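S.K.: Mind looking at a prediction? Sequence and model below.
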Number of protein chains: 2
Amino acid sequence: MYSPRMTASSTSERLIEATRELLWERGYVGTSPKAIQQAAGAGQGSMYHHFTGKPDLALAAIRRTAGELRAAAERILGGEGSAYARIEAYLLREREVLRGCPVGRLTMDPDVIADAELRAPVDETLDWLRGRLADVVREGLDSGELSGPLRPEELAATVVATVQGGYVLARAAGSPAAFDTAVRGLLALLAPRTR
Amino acid sequence: MYSPRMTASSTSERLIEATRELLWERGYVGTSPKAIQQAAGAGQGSMYHHFTGKPDLALAAIRRTAGELRAAAERILGGEGSAYARIEAYLLREREVLRGCPVGRLTMDPDVIADAELRAPVDETLDWLRGRLADVVREGLDSGELSGPLRPEELAATVVATVQGGYVLARAAGSPAAFDTAVRGLLALLAPRTR
DNA sequence: GTCTATAGCGCGATAGAC
DNA sequence: GTCTATCGCGCTATAGAC
């Protein structure tokens, strides 16, 4: 099947990218079509030509953001190193802490949660992440690298929750330090379970 | 100093309570003065008589919510039982998980984070909570109940982050189960550190 | 203290010319 | 595909009567 050459910044492309930025910064409720159009350098007509409305455009933006988050996590969790090393690498990975998680933050958006179609990619992404981390934990238990009565699904949820909650602490404090502190606390609990 | 009798539901009281509910449900950006007035059964004029505007009313609401969260946490953390038992009780305490944390959710509100006065009570509350949990951890270490190279401030941050992140997972999934899973994972990591 | 009236502006979307 | 014009409505206030 022939795939037409995609111009790197077609109007529809710029609209999606602008929406991704604004959703991350201000959330769904706080993002207006007008703001998107201005950020994208597109007119009212263009936006409504390419998308049926704000929810449609947001869906495209959320799906792309979710896909990128997944790819970034997979690069680490499917990479080199022991199970513990990969979990540690995931926790210590460079992040723009004060911006928060572009996917997780959407869970606090009432209009996203109320719309099954908008919530789905958020749900699927965090669910996938938990499952993928559980895989790694299972791997570590099987190889004997991790020990103790650890339940993979539980530990995976704790890891994701610590990251998501770390963003909350950091944004409250206006400093990334609280995020790092929470992560170090989790690693301190986890480290003794390795051999 | 004489304290005048506070009528349980004066107009200003109802406005604050309505604002608290709406901030919890929809956040600051998603809450309009009009919606507040309708929920409180108060007119436009009443609201602007008692408060200078939306930020002023939100500040009163946030401060009260922060105070209540603090009091609820203190009832558990300052209560009976061993250090571990109190941390466990804090984690397992009944919560309206799908509503999220009425304080933590505000960190995703761009207009709250941008306004130092609105952010202050959020910051102070989460900061106090971390400190209070660190006290309990320290107590446990001093008494020998908790062992290992645990840093109180780190563990405290991890506990708060797990709770805050647990809300994110639960809201994404549309079910409280993910919150409970994350909490159980943390308790499983913590339990072996007790004697 | 509470009410209604009014304001200026932005929201989210539609219509139709080009 | 993109533009401008227009729509009905809600936002956050202000003004001033009662």
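M.R.: Right, received. Where do you want to start? Numbers count the residues shown, from 1 in each chain, chains lettered A, B, ... in the order given.

S.K.: Write out the residues of chain A neighbouring DNA strand D.
M.R.: A:Ser10, A:Thr11, A:Ser12, A:Ala42, A:Gly43, A:Gln44, A:Gly45, A:Ser46, A:Tyr48, A:His49, A:His50 (CB under 7 Å from any atom of the strand). Every residue, glycine included, has its C-beta placed from N, CA and C.

S.K.: which strands and helices sit next to the host helix or strand of A:Ala89?
M.R.: Taking DSSP states H and E as the criterion, A:Ala89 maps to helix A:83-92. Contacts defined by 3 or more CB pairs under 8 Å, 6 or more residues apart in numbering or on different chains; DSSP states H and E place helix A:83-92 against helix A:54-77, helix A:116-142, helix A:152-173, helix A:177-190.

S.K.: so who does A:Tyr167 touch?
M.R.: A:Val97, A:Gly100, A:Cys101, A:Gly104, A:Arg105, A:Phe179, B:Thr107 (CB atoms under 8 Å, 6 or more residues apart in numbering or on different chains).

S.K.: quick one on the thing from earlier: what does the helix holding A:Ala89 rub up against?
M.R.: Under CB under 8 Å, 6+ apart, the answer for helix A:83-92 is A:73, A:76-77, A:79, A:81, A:133, A:136-137, A:139-140, A:143, A:145-146, A:159, A:162-163, A:183, A:186-187, A:190-191, A:194.

S.K.: Please pick the buried ones from these.
M.R.: Buried by 16 or more other CB atoms under 10 Å in any protein chain shown: A:73, A:76-77, A:133, A:136-137, A:140, A:146, A:159, A:162-163, A:183, A:186-187, A:190, A:194, out of the contacts of helix A:83-92.

S.K.: Could you let me know which of those ends up closest to A:Gln37?
M.R.: For those, the residue nearest A:Gln37 by CB to CB is A:Ala73; the value is 31.9 Å.

S.K.: That closest one reaches A:Asp135, doesn't it?
M.R.: No. Contact status for A:Ala73 versus A:Asp135: not in contact, 11.7 Å apart, counting by CB atoms under 8 Å.

S.K.: residues touching the residue lying closest to A:Pro149 once chain neighbours are set aside, list them.
M.R.: Spatial nearest neighbour of A:Pro149, chain neighbours left out: B:Ala188 (6.8 Å); criterion: CB to CB, 6 or more residues apart in numbering or on different chains. Shown in contact with B:Ala188 (CB under 8 Å, 6+ apart): A:Pro149, A:Leu150, A:Arg151, A:Glu154, A:Leu155.

S.K.: Which of the three states applies to the second one?
M.R.: Under DSSP: H, G, I helix; E, B strand; the rest coil, A:Leu150 falls in the coil class.

S.K.: Now do the contacts for it.
M.R.: A:Val137, A:Leu141, A:Arg193, B:Ala188, B:Leu189.
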